[in-house]
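S.K.: Sequence plus predicted model, see below.
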Protein chains: 2
Amino acid sequence: MLALVLEGERVRLATDRPPPKPRRGFVRVRTRIAGICDTDLELARGYMGFAGVLGHEFVGEALEGPLAGRRVVGGINFACGQCPNCAAGLGRHCPNRTVLGIDGADGVLAEEFVIPEGNLVAVPGTVADEEAVFTEPLAAACEILDQLGRRPDGAALVVGDGKLGTLIAQVLAAAGARVDLLGHHTESLDWLVERGIGLLPGQPDRAAYPLVVEASGSTSGLATAMAATAPRGTLVLKTTVGRSYDIDLAPLVIDEITLIGSRCGRFEPALELLTEGAVRVAPLVEACYRLTDAEQAFAHAGRPAARKVLVRGN
Amino acid sequence: MLALVLEGERVRLATDRPPPKPRRGFVRVRTRIAGICDTDLELARGYMGFAGVLGHEFVGEALEGPLAGRRVVGGINFACGQCPNCAAGLGRHCPNRTVLGIDGADGVLAEEFVIPEGNLVAVPGTVADEEAVFTEPLAAACEILDQLGRRPDGAALVVGDGKLGTLIAQVLAAAGARVDLLGHHTESLDWLVERGIGLLPGQPDRAAYPLVVEASGSTSGLATAMAATAPRGTLVLKTTVGRSYDIDLAPLVIDEITLIGSRCGRFEPALELLTEGAVRVAPLVEACYRLTDAEQAFAHAGRPAARKVLVRGN
């Protein structure tokens, strides 16, 4: 079958990749649309030492199991189900986990792939494929609400106006926050302004926000985010720069800021937001390629400030 | 009067320092015992650009106001009482605050000093001066419990067995945690073992602790603390290294760790622990000098691994 494969640091379209082997508890899924995300680009630079089929953002059609024939999205962490973390409902933090297209498990940039049956969630009929493919990053944005454990109803700042930052800004605004978005605004974000989100022209006011989310993935992002967080405020760290770098953490202590590291989230709240139309994702799509052109799609996704690049599975 | 004064980066005993001027809302306090802490040593290296009388850990005798004649300890943050933070009960985070012996206000390493009347707390008769002088750092340890908002009843690791680390270990143990203490254990800490605290001989197990407190103030401390924190666990940052340094924060995101910056605390819980004998401070005292020998006391406090050096006000 066709599959976009990472070998060493080379990304190439294989035309003769064997179909995934059946595994107990796993079902086959045919890829309808896959998304390329910054993590995929990082993997190609050597992050995680991954080798295999790339891709973890998808909407597909289940070919087996109780959801056979249905359109599905699915959680990317394949938990062992046996360890204390799994027993505590923290399968996303299972130390024995493999991760779809990221760590020890072939991904979705292929004609088909396999995934644990329990990871799949059916997509409501009103949500288009081009929206459903955003469920995984949108779930990561929704994870912030789960971790906060309270409704963010005050001022909030999102640092970084990339794909994830614009999703997070919408999720927080939908939850009731007054959101400002800080970034380079290299393209029109008027569609966010229409949703009540403010676009900051320059540096945010010092200590002005009880809630700040760092989603820039830049070395300066965290320092900017710390300076903008109010004393006793909450700073959510949603991206990292993928390596160690120089930072002064004294402001965290002096201002008693709570810094919450945040990763993957539950799919259900994300699908709800898409169903309700509370989050728009269409403006985030920059291009959609066929699987036969996946190498070009991957190169396109790596362009500076590129928005979401999608790949159709057939 | 006698006072230990910081001028530039020079620390000297002044014999002719004018007594502090009366200020509205402030009362005069005669120093009974003052403690020298690592922050004082940092100030002498240029931290905060402070100039004036050093010292913020004290037990004294109020010379004026409703507590006149009583032994007192007191909060070190002098809030403006007017700003939104003060209105929200966050006077310790007032942006207009001065800080006793640290920022814009003369400190306690003198015959007497002035402090806002509302900052003073009376010391119970059963608490000796040599214990009461630990109220301020002990309050900083107790602040962790206030910030957690729950009883720490699982395993906890304290990184750093210095003065603050040993106080924190005792506070967590008194609150019900099973505490391990990581440090160089350069002197006998058997008295902590008697209180049920484990002394780690080497590196802690990876991801083994739902609660970790970094109190080492070293550049490697935070990385060690992050590695020991369980997924979705809490890491309290109690000290910093006072400058920017190289660190990889990706584990915070991957393991969704909550990092809580923590500074000063309320005095009441600290005095309660001292009254109940739930925390021992006597083994922390290394030496006690007279105010006339305050320069020697300061030099002593700066020796590597020195424990608490006290100075008697008279």
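M.R.: That came in fine, so what should we check first? This structure is a prediction, so every number in the text was calculated from the model and none was measured.

S.K.: what are the C-alpha coordinates of stretch A:200-218, in CSV please?
M.R.: C-alpha atoms of stretch A:200-218 as CSV (Å, rounded to 0.1, in the frame of the first residue of the first chain):
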residue,chain,number,x,y,z
LEU,A,200,-2.4,42.1,20.4
PRO,A,201,-0.4,44.4,18.3
GLY,A,202,2.7,44.3,20.5
GLN,A,203,4.0,43.1,23.9
PRO,A,204,1.2,42.3,26.4
ASP,A,205,0.9,44.3,29.6
ARG,A,206,2.9,43.0,32.5
ALA,A,207,1.1,40.7,35.0
ALA,A,208,-2.2,41.5,33.3
TYR,A,209,-3.6,38.0,32.8
PRO,A,210,-4.8,35.5,35.4
LEU,A,211,-4.6,32.9,32.6
VAL,A,212,-1.9,32.6,30.0
VAL,A,213,-1.2,29.8,27.5
GLU,A,214,2.2,29.5,25.8
ALA,A,215,1.7,27.9,22.4
SER,A,216,4.4,29.6,20.4
GLY,A,217,7.1,26.9,20.7
SER,A,218,9.7,29.6,20.6
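
S.K.: what comes up buried for that stretch?
M.R.: Across stretch A:200-218, burial judged by 16 or more other C-beta atoms under 10 Å in any protein chain shown covers A:200, A:204, A:207, A:209-218. (Each C-beta comes from the backbone N, C-alpha and C, glycine too.)

S.K.: got it, and stretch A:287-298?
M.R.: Using 16+ other C-beta under 10 Å as the test for burial, stretch A:287-298 gives A:Ala287, A:Cys288, A:Tyr289, A:Leu291, A:Ala294, A:Ala297, A:Phe298.

S.K.: likewise stretch A:167-181?
M.R.: Across stretch A:167-181, burial judged by 16+ other C-beta under 10 Å covers A:167-175, A:177-181.

S.K.: ok, the residues you listed vs chain B, which is closest?
M.R.: Within those, proximity to chain B (C-beta to the nearest C-beta) peaks at A:Ile168, which comes in at 13.7 Å.

S.K.: Wait, that closest one touches A:Cys142, no?
M.R.: No: counting by C-beta atoms under 8 Å, A:Cys142 is not a contact partner of A:Ile168; they are 9.1 Å apart.

S.K.: Just the ones of the buried residues of stretch A:287-298 in helices?
M.R.: Among those, the residues falling in helices (DSSP state H) are A:Ala294, A:Ala297, A:Phe298.

S.K.: So the second one sits against A:Tyr289, correct?
M.R.: Yes: under the criterion of C-beta under 8 Å, A:Ala297 lies in contact with A:Tyr289, with a separation of 3.8 Å.

S.K.: Any chance you could list residues touching both of the two?
M.R.: A:Val309, A:Leu310, A:Val311 (C-beta atoms under 8 Å, 6 or more residues apart in numbering or on different chains).

S.K.: now that we have these, which one has the most neighbours?
M.R.: A:Val311 (30 neighbours; other C-beta atoms under 10 Å in any protein chain shown).

S.K.: so A:Val158, which of the three states?
M.R.: Three-state assignment for A:Val158 (DSSP: H, G, I helix; E, B strand; the rest coil): strand.

S.K.: got a list of what it touches?
M.R.: Counting by C-beta under 8 Å, 6+ apart, A:Val158 touches A:Gly165, A:Ile168, A:Ala169, A:Leu172, A:Val179, A:Asp180, A:Leu181, A:Leu182, A:Val212, A:Val213, A:Ala215.

S.K.: repeat for A:Ala51
M.R.: A:Ala51 is in contact with A:Leu6, A:Glu7, A:Gly8, counting by C-beta under 8 Å, 6+ apart.

S.K.: How about the second one: what's its closest non-neighbour residue?
M.R.: So the one you mean is A:Glu7. Nearest-residue entry for A:Glu7: A:Ala51, 5.8 Å, with adjacent residues in sequence omitted and distances by C-beta to C-beta, 6 or more residues apart in numbering or on different chains.

S.K.: can you tell me how far that neighbour sits from A:Ile102?
M.R.: 11 Å (C-beta to C-beta, to the nearest Å).

S.K.: likewise A:Tyr245?
M.R.: Per C-beta to C-beta, A:Tyr245 is found 22 Å from A:Ile102.

S.K.: These two: who's more crowded?
M.R.: More crowded of A:Tyr245 and A:Ile102, by other C-beta under 10 Å: A:Ile102, with 21 against 17.

S.K.: Next, work out how far apart A:Arg70 and chain B are.
M.R.: Distance of A:Arg70 to chain B, given as C-beta to the nearest C-beta, to the nearest Å: 30 Å.

S.K.: do A:Leu120 as well
M.R.: Distance, A:Leu120 to chain B, by C-beta to the nearest C-beta: 23 Å.

S.K.: got it, and A:Glu61?
M.R.: 31 Å.

S.K.: nearest spatial neighbour of that residue, skipping sequence neighbours?
M.R.: A:Arg30 (4.7 Å).

S.K.: contacting residues around that neighbour?
M.R.: A:Gly60, A:Glu61, A:Leu63, A:Glu111, A:Glu112, A:Gly313, A:Asn314.

S.K.: where along chain A do the helices fall?
M.R.: Under DSSP H, chain A gives helices at A:38-44, A:84-87, A:129-132, A:135-148, A:163-174, A:190-193, A:221-228, A:250-254, A:267-276, A:294-301.
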